[in-house]
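*Asks:* Let's see this in three dimensions:
(2 chains)
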Amino acid sequence: DTGVSQDPRHKITKRGQNVTFRCDPISEHNRLYWYRQTLGQGPEFLTYFQNEAQLEKSRLLSDRFSAERPKGSFSTLEIQRTEQGDSAMYLCASSSRADRAGANVLTFGAGSRLTVL
Amino acid sequence: AQSVTQLDSQVPVFEEAPVELRCNYSSSVSVYLFWYVQYPNQGLQLLLKYLSGSTLVKGINGFEAEFNKSQTSFHLRKPSVHISDTAEYFCAAYLTGGGNKLTFGTGTQLKVEL
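*Replies:* Residues are numbered from 1 along each chain as shown, chains lettered A, B, ... in the order given. Model (predicted):
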């Protein structure tokens, strides 16, 4: 297993277009997370899946954003009608069941950088 | 609101000198704390974590951190840095009531110079 894979690594799009990012987690991990990172900031939580169930969503995840994990393996993050403010690095992470309540250790992918012109 | 604060946005240091990157969290109860490193154009890599037990935690690449509950701090240290340590360092925590959301600080850019 080569870790968490994200595709594409870079995406340049025009405002108003739709984009989709894919994340393949570590195979034995049942938990998957999406984060967004803008320049000079730390990653911000977007959403979290346990298997195929989306259990938490941030207020940052507007109606234009949708995430799926249909078979509990890979996940997609779609942004509809992109805006310039959506330009950021979108990070995916996965984890196995926590060692203890709340202590999930996340393994991150390399990220997908989105530039909206 | 509960948060993670990294007081220094940039820390320049000469090679082989010691370094401390500061992190404070705003909770008065036990938390789970992490340090991640991010090299240019890469994802985040776990350096070390504190879940319980000994307050001095050792991680990869010679880094260590000390959990101080009374000062709500989790500072990262390395006794002698190398050029290859140049990167962005993020402190993160699961905070009380935060569910499964790992909360990150804004990051500290460590620049090691010759």
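*Asks:* Quick check: the gap between residue B:95 and chain A.
*Replies:* 9 Å (Cβ to the nearest Cβ, to the nearest Å). (Each C-beta comes from the backbone N, C-alpha and C, glycine too.)
*Asks:* For burial, what's the neighbour tally of that residue?
*Replies:* Per other Cβ atoms under 10 Å in any protein chain shown, the neighbour tally for residue B:95 reads 22.
*Asks:* now it: how far from residue A:108?
*Replies:* 19 Å (Cβ to Cβ, to the nearest Å).
*Asks:* Likewise for residue B:61?
*Replies:* Remark: distance between residue B:61 and residue A:108 (Cβ to Cβ) = 17 Å.
*Asks:* likewise residue B:18?
*Replies:* Residue B:18 is 28 Å from residue A:108, by Cβ to Cβ.
*Asks:* show me the contacts for the residue nearest in space to the middle of chain A.
*Replies:* Most central in chain A under Cα atoms, centre = their mean is residue A:34, positioned 2.7 Å from the mean C-alpha point. With contact set as Cβ atoms under 8 Å, 6 or more residues apart in numbering or on different chains, residue A:34 has these partners: A:23, A:46, A:47, A:48, A:67, A:75, A:77, A:90, A:91, A:92.
*Asks:* Secondary structure class of it, three-state.
*Replies:* Following DSSP: H, G, I helix; E, B strand; the rest coil, residue A:34 is assigned to strand.
*Asks:* ok, the closest residue to it other than its chain neighbours - how many residues close by?
*Replies:* Spatial nearest neighbour of residue A:34, chain neighbours left out: residue A:46 (4.2 Å); criterion: Cβ to Cβ, 6 or more residues apart in numbering or on different chains. The number of residues packed near residue A:46 is 22, by other Cβ under 10 Å.
*Asks:* So what does residue A:46 look like in phi/psi?
*Replies:* Backbone torsions of residue A:46, given as degrees, to the nearest 10, read phi -110, psi -50.
*Asks:* Look up how far residue A:60 lies from it.
*Replies:* To residue A:60, residue A:46 is 6 Å away according to Cβ to Cβ.
*Asks:* Mutual contacts of those two, please.
*Replies:* Common contacts of residue A:46 and residue A:60 (Cβ under 8 Å, 6+ apart): residue A:36.
*Asks:* Residue numbers of chain B in contact with chain A?
*Replies:* B:4, B:6, B:9, B:32, B:34, B:36, B:41-46, B:49, B:51-52, B:90, B:92, B:94, B:98-107 (Cβ under 8 Å from any Cβ of the partner chain).
*Asks:* show me the residues around residue 106 that make contact.
*Replies:* By default, I'm working from chain A. By Cβ under 8 Å, 6+ apart, residue A:106 lies in contact with A:33, A:93, A:94, A:95, B:44, B:46, B:102.
*Asks:* you looked at the wrong chain, it should be chain B
*Replies:* A:40, A:41, A:42, B:6, B:9 are the contacts of residue B:106 under Cβ under 8 Å, 6+ apart.
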